[in-house]
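Novice: Sequence first, then the predicted structure, then my questions.
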Amino acid sequence: MAEITKVRFVLAVPDLARSTRYYESVLGMTLEFTAPGWSFLARGGFRVMLGECVDAIPAAQLGDHSWYGYVTVTDARSLFAELEATGAEFTQVLADKPWGMREFGVLTVDGHRIMFGQELAASR
């Protein structure tokens, strides 16, 4: 069976330059390359393709459909502190959950929501 090696989310954003700056400065992602109307960003195995769609329904108006990803990390506590320092807006603060994850949620500048979580040891 073929292995999936990366996940790349594709998001419609109303202002590509503003969204790109947010993903770089707040989420610590690196701009890999651009194409007309697109920014391709990465941080480790987490990849995002931002496409400028000025007439799209804003993500903030999509309610529960504004969730787009759950990103597993090695140290949720450290990432939470980093994103807090860069001014991220949180939908959920860092907490250990009964399903074995230490997780938190972020609201992007466009209203998309992302969860970040760390798998906890089975003994917890």
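Specialist: Cool, got the structure. Numbers count the residues shown, from 1 in each chain.

Novice: the strands in this protein, which residues?
Specialist: Taking DSSP state E as the criterion, the chain contains strands spanning 7-13, 30-35, 38-43, 46-52, 67-72, 89-96, 101-107, 113-119.

Novice: Please convert these to CSV, extending it with distance to A81.
Specialist: For every residue, glycine as well, the C-beta is placed using N, CA and C. As requested, the strands of the chain are exported to CSV (distance: least, CB to CB, whole Å):
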stretch, distance to A81
strand 7-13, 24
strand 30-35, 20
strand 38-43, 16
strand 46-52, 18
strand 67-72, 16
strand 89-96, 9
strand 101-107, 10
strand 113-119, 12
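
Novice: what bridges to Y70?
Specialist: M115 (DSSP bridges).

Novice: count of neighbours near it?
Specialist: 13 (other CB atoms under 10 Å).

Novice: Make sure it is actually in contact with E119.
Specialist: No: using CB atoms under 8 Å, Y70 is not in contact with E119, being 11.5 Å away.

Novice: Against T72, how distant is the nearest residue in space to D75 that is not next to it in sequence?
Specialist: Using CB to CB, 6 or more residues apart in numbering and skipping the chain neighbours, the partner closest in space to D75 is Q118 (6.4 Å). Distance of Q118 to T72, given as CB to CB, to the nearest Å: 7 Å.

Novice: Looking at those two, which one has more neighbours?
Specialist: Using other CB under 10 Å as the criterion, Q118 and T72 rank with Q118 on top: 20 against 14.

Novice: The more buried one against K97, yeah?
Specialist: No: counting by CB under 8 Å, Q118 does not reach K97; the two are 10.4 Å apart.

Novice: and for these two, which residues touch both?
Specialist: Common contact partners of Q118 and K97 (CB atoms under 8 Å, 6 or more residues apart in numbering): E103.

Novice: show me what contacts T74?
Specialist: So T74 contacts Q118 (CB under 8 Å, 6+ apart).

Novice: Any idea how many residues pack against T108?
Specialist: Around T108 sit 23 other residues, with neighbours defined as other CB under 10 Å.

Novice: Good, we can wrap up now.
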